[in-house]
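[1] missing the sequence, but the structure's below:
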């Protein structure tokens, strides 16, 4: 299988979008494929359409940036270098979806298959290139049009590209199916949580919905709402030993070389659940730094920028931008995860700091948490645990498939495997 080297400018066109999220009178309504949509998805399909943001755009921008099957979109600028150059494949045609700003749209020519390009841009070599060519400092990094056009790509003939793309897209379809199933499983678990602990229609002693059937409610001044009689309100600080992590010195080799202990940064908290870590530390780092260890089943929250909540599916240490707490005898992750997630909108309003908005550990510790009786929680766990167990198993399968997909392209390129 012969590969030839080209620059991207010789294989297609690159256009940088300036369409923002706002709606303007006199413009046409559209759906916006924005930075987050590109960043989070290997491919954009019709499945994503209902989740795409509503906006407006001018006729000329719609004509230029309406996304079509076979194109590839990439993130063009962001607060950090490693968020730049992240691609997604446009897997379907859309009538009214345009690419939003902070992104670039690549339209391949006849010699380049879009799915192959997407896989290539997802490779480590591409990520390293874009990180190196990201200009700017401080608050914003960006890619110039020339730096995108000058990206070099090794290509086999188009027939071979399509065969490679078929293999990768088959894997991706399974990943996409798992992702949809997990979204549905999480929605099921959340609906159960809301029904029991927000609407308070958990089954009473007769199997009837508690509040709707006239169960006794009492006003709680902390939550400023009625809760079932006999239920309590506490704080996260009273119920958990809230941990705030730290970063072992990167200049100390004994903290990192041959490390076996998972160590997480705040960016990894966006994964739900967390099945692995990018970096590992040693026992020496754990014992001689401010990092904190949390066992599998703990709930984590990132405390900088956008607050995210997740569940640990591994034992791991955390950095200083992550707070977490292990399960207690009463409060397990199927309850605490949804309880803390419901607190995020309120906590977002309490962030401080102009350069990097954040909340502190004390704010989390002072946050209220509803404490149902053990009997109610036990019945809730019996229903919710199997749902989240299935979700976690699907996420592990997805991680394995993602690793397989991402490792196949370089193996195909260096001849370790062939499409035959």
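    On my side now, so go ahead. This structure is a prediction, so every number in the text was calculated from the model and none was measured. Numbering: from 1, shown residues only.

[2] nearest residue to the most centrally placed residue in the chain other than its sequence neighbours?
    In the chain, the centroid-proximal residue (CA atoms, centre = their mean) is residue 270; its distance is 4.2 Å. Distances taken as CB to CB, 6 or more residues apart in numbering place residue 308 nearest to residue 270, at 5.3 Å, with adjacent residues excluded. All C-beta spots, glycine's among them, are computed from the backbone N, C-alpha and C.

[3] re earlier: check the gap between the residue nearest to the centre of the chain and residue 251 for me.
    According to CB to CB, to the nearest Å, residue 270 and residue 251 sit 28 Å apart.

[4] same deal with residue 201?
    From residue 201 to residue 251 the distance is 56 Å (CB to CB).

[5] which element follows the helix or strand bottoming out on mean pLDDT in the chain toward the C-terminus?
    Sorting the helices and strands of the chain by mean pLDDT, DSSP states H and E puts strand 135-137 at the bottom, at a mean of 77. The first helix or strand that comes after strand 135-137 along the chain, using DSSP states H and E, is strand 140-142.

[6] gap between that following strand and the chain center?
    21 Å (CA atoms, centre = their mean, to the nearest Å).

[7] Which strands and helices lie in contact with that strand?
    Applying 3 or more CB pairs under 8 Å, 6 or more residues apart in numbering; DSSP states H and E, we find strand 140-142 packed against strand 77-78, strand 135-137.

[8] what does stretch 347-366 rub up against?
    139, 235-237, 242, 244, 301, 303-307, 321, 323, 367 (CB atoms under 8 Å, 6 or more residues apart in numbering).

[9] now with 10 Å?
    For stretch 347-366, contacts defined as CB atoms under 10 Å, 6 or more residues apart in numbering pick out 79, 138-139, 235-244, 266, 301-307, 309, 320-321, 323-325, 340, 343, 346, 367.

[10] Thought residue 83 was touching the residue nearest to the centre of the chain, still the case?
    No. Using CB atoms under 10 Å, residue 270 is not in contact with residue 83; the gap is 11.3 Å.

[11] Spit out the residues that contact these two alike.
    Common neighbours of residue 270 and residue 83 (CB under 10 Å, 6+ apart) are residue 39.

[12] Residue 386: neighbour count?
    By the measure other CB atoms under 10 Å, the count of residues near residue 386 is 13.

[13] before we move on, which element is it in?
    helix 374-413.

[14] Kindly spell out which helices and strands sit in contact with that helix.
    Where contact means 3 or more CB pairs under 10 Å, 6 or more residues apart in numbering; DSSP states H and E, helix 374-413 is packed against helix 114-121, helix 124-133, helix 158-197, strand 309-311, helix 333-348.

[15] Tell me what angle that helix forms with helix 124-133.
    Interaxial angle, helix 374-413 versus helix 124-133 (axes from the mean of the first three to the mean of the last three CA atoms, to 10 degrees): 90 degrees.

[16] dump the residue contacts of the residue lying closest to residue 228 once chain neighbours are set aside.
    Leaving out its chain neighbours, the residue that sits closest to residue 228 by CB to CB, 6+ apart is residue 200, at 5.5 Å. Contact analysis of residue 200 by CB under 10 Å, 6+ apart lists 209-212, 215, 217, 225-228, 231, 370, 372, 376.

[17] what stretches of the stretch 1-150 of the chain score poorly on pLDDT?
    Scanning the stretch 1-150 of the chain for pLDDT under 70 picks out the ranges 1, 137-138.

[18] all helices for it, in order.
    According to DSSP state H, counting those that start in this stretch, the stretch 1-150 of the chain carries its helices in the segments 35-40, 59-65, 114-121, 124-133, 145-149.

[19] How is the protein partitioned into domains?
    4-155, 183-397 (automatic domain parsing).

[20] looking at the ones you listed, which is closest to residue 161?
    Evaluated over the domains of the chain, closeness to residue 161 peaks at domain 4-155, with 4.1 Å, by CB to CB.

[21] Straight-line length of the closest one, end to end?
    5 Å (CA to CA, to the nearest Å).

[22] Tell me which residues touch the residue nearest to residue 387 when sequence neighbours are not counted, please.
    Nearest residue to residue 387, sequence neighbours excluded (CB to CB, 6+ apart): residue 189, at 4.7 Å. Residues in contact with residue 189 (CB under 10 Å, 6+ apart) are 334, 337-338, 383-388, 390-391.

[23] Done for today, thanks.
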